[in-house]
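Visitor: Got a sequence here, can you build the structure:
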Amino acid sequence: MKKKVVVGMSGGVDSSVAAWLLKEQGYDVIGVTMQIWQDEEESLQQENGGCCGLSAVDDARRVAQDLDIPYYVMNFKADFKAKVIDYFADEYLHGRTPNPCIACNRYVKWESLLKRSLDIGADYIATGHYARVRRLENGRYTVCRSATADKDQTYALYNLTQEQLAHTLMPVGEYTKEEIRAIAEKIGLRVAHKPDSQEICFVPDDDYASFIEAYTGEKLPEGNFVTSRGDVIGRHRGIAHYTIGQRRGLHLPMGRRVFVTEIRPETNEVVVGENEELFKERLYAGKLNFMAVPKISGEMQVTAKIRYNHRGAPARIRMAGEDQVECIFQEPQRAATPGQAVVFYDGDNVLGGGTIC
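Guide: Alright, predicted model coming up:
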């Protein structure tokens, strides 16, 4: 009997080819688009659509027709609001820089979609992520880097659970982006050259602070720009406007380039300083999730990534509490940002990761 797989289809080329690849491999494929944020009127305002707008639904439905697979739209708006948008706003209001895509992957694209898929008799869910699911000799599942380094998306997947990984397929991870587009063109998919969506889907203009003010109904309070010595050097527009390492948009008459080096929500201050002050040799992270190993024992040598486009750096990690890890870099790294993820790799495999605190 053929295994049944629900493919999360965003209307883009990657998830569309993922559905085709799985059908070619003999799976019973069902296409699903998750309705998680926009109402239709808001979606119409988006030129290219996000991963969950009306145009995404239209594109995904047409691809499913071309592939001759069943297609459904599932509503996960309540889950998305609670697990992603509320978290996003709360983190910024507390001086941290969240990663909503990681939260969406863990709690919506996997937790909610997987539960619904298993309920309708599916064996797996699948996505168009550039990553690979691997089962190791110790019996644990992990994600490992994709065939193409420049599109690798494992950083955003470190928080998946063993149960989720056991029911996950990621066929696109074996290919480069160019190969995926070539497959789409060869089989006649109309989305073969559709551009990738770059922005956060619920903040299409990238103005996070304005979104938070509109979403919470509260005006962000202004506060002081200060130096590390505590000298007041200007006024800021509200801490949600800033992130560690930021240089642009400070509008400070300093006569030289300065950067955000710290955000202090308890005093509503934004600390600015020199670029050199952004380099740190250690960080601490909590809210840990381990993949390739059940836990860290002793000290481990890893490659650590502190943001999505960070190349990764050699480091040592060890537990510093029940749910806290200490990461000591071989060389100081720039702008490790509270609220962002740090992800630990053993070669191509994700060991695990956590939230920088």
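
Visitor: chain center to stretch 224-240, what's the gap?
Guide: Stretch 224-240 sits 30 Å away from the centroid of its parent chain (CA atoms, centre = their mean, to the nearest Å).

Visitor: Provide the contact partners of it at residue level.
Guide: Contact with stretch 224-240 is made by 92-93, 95, 208-209, 212, 219-223, 242, 250-254, 261-263, 265, 268-273, 277, as judged by CB atoms under 8 Å, 6 or more residues apart in numbering. All C-beta atoms are positioned from the backbone trio N, CA, C, and that covers glycine.

Visitor: Give me the subset of the residues you listed that lies in helices.
Guide: Tyr92, Leu93, Tyr208, Ala209, Ile212 (DSSP state H).

Visitor: which of the residues you listed sit farthest apart?
Guide: Leu93 and Tyr208 (11.0 Å; CB to CB).

Visitor: still on that earlier bit, make CSV out of the ones in helices among the contacts of stretch 224-240 and add neighbour count and distance to Pro294.
Guide: Output for the ones in helices among the contacts of stretch 224-240, formatted as CSV (neighbours: other CB atoms under 10 Å; distance: CB to CB, whole Å):
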residue, neighbour count, distance to Pro294
Tyr92, 26, 33
Leu93, 16, 34
Tyr208, 19, 36
Ala209, 16, 40
Ile212, 22, 37
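
Visitor: Return the member of these nearest to Ser15.
Guide: Ser15 lies nearest to Tyr208 out of these, by CB to CB, at 26.0 Å.

Visitor: my guess is that closest one contacts Tyr92, does it?
Guide: Yes. Using CB atoms under 8 Å, Tyr208 is in contact with Tyr92, at 6.4 Å.

Visitor: Counting by contacts, list what the lengthiest helix in the chain packs against.
Guide: Ranked by residue count, the top helix of the chain under DSSP H comes out as helix 54-67. When contacts are defined as 3 or more CB pairs under 8 Å, 6 or more residues apart in numbering; DSSP states H and E, helix 54-67 sits against helix 13-24, strand 28-35, helix 40-44, strand 71-75.

Visitor: as a whole number, average confidence for the last one?
Guide: When you say that, I think you mean strand 71-75. Across strand 71-75, pLDDT averages out at 95.

Visitor: Determine the set of other helices and strands touching that strand.
Guide: strand 28-35, helix 54-67.

Visitor: Verify the stated contact: Val260 with Gln246.
Guide: Yes. Here Val260 lies in contact with Gln246, judged by CB under 8 Å, at a distance of 4.4 Å.

Visitor: residue contacts, Arg106?
Guide: Asn159, Leu160.

Visitor: and the nearest residue to Glu111 once chain neighbours are set aside, what does it touch?
Guide: Nearest non-adjacent residue to Glu111, counting by CB to CB, 6 or more residues apart in numbering: Gln164, 7.1 Å away. Counting by CB under 8 Å, 6+ apart, Gln164 makes contact with Trp110, Glu111, Leu114.

Visitor: Now do the last one against Met34, distance only.
Guide: In other words, Leu114. 12 Å (CB to CB, to the nearest Å).

Visitor: Those two: which is more packed in?
Guide: Met34 (25 against 20; other CB atoms under 10 Å).
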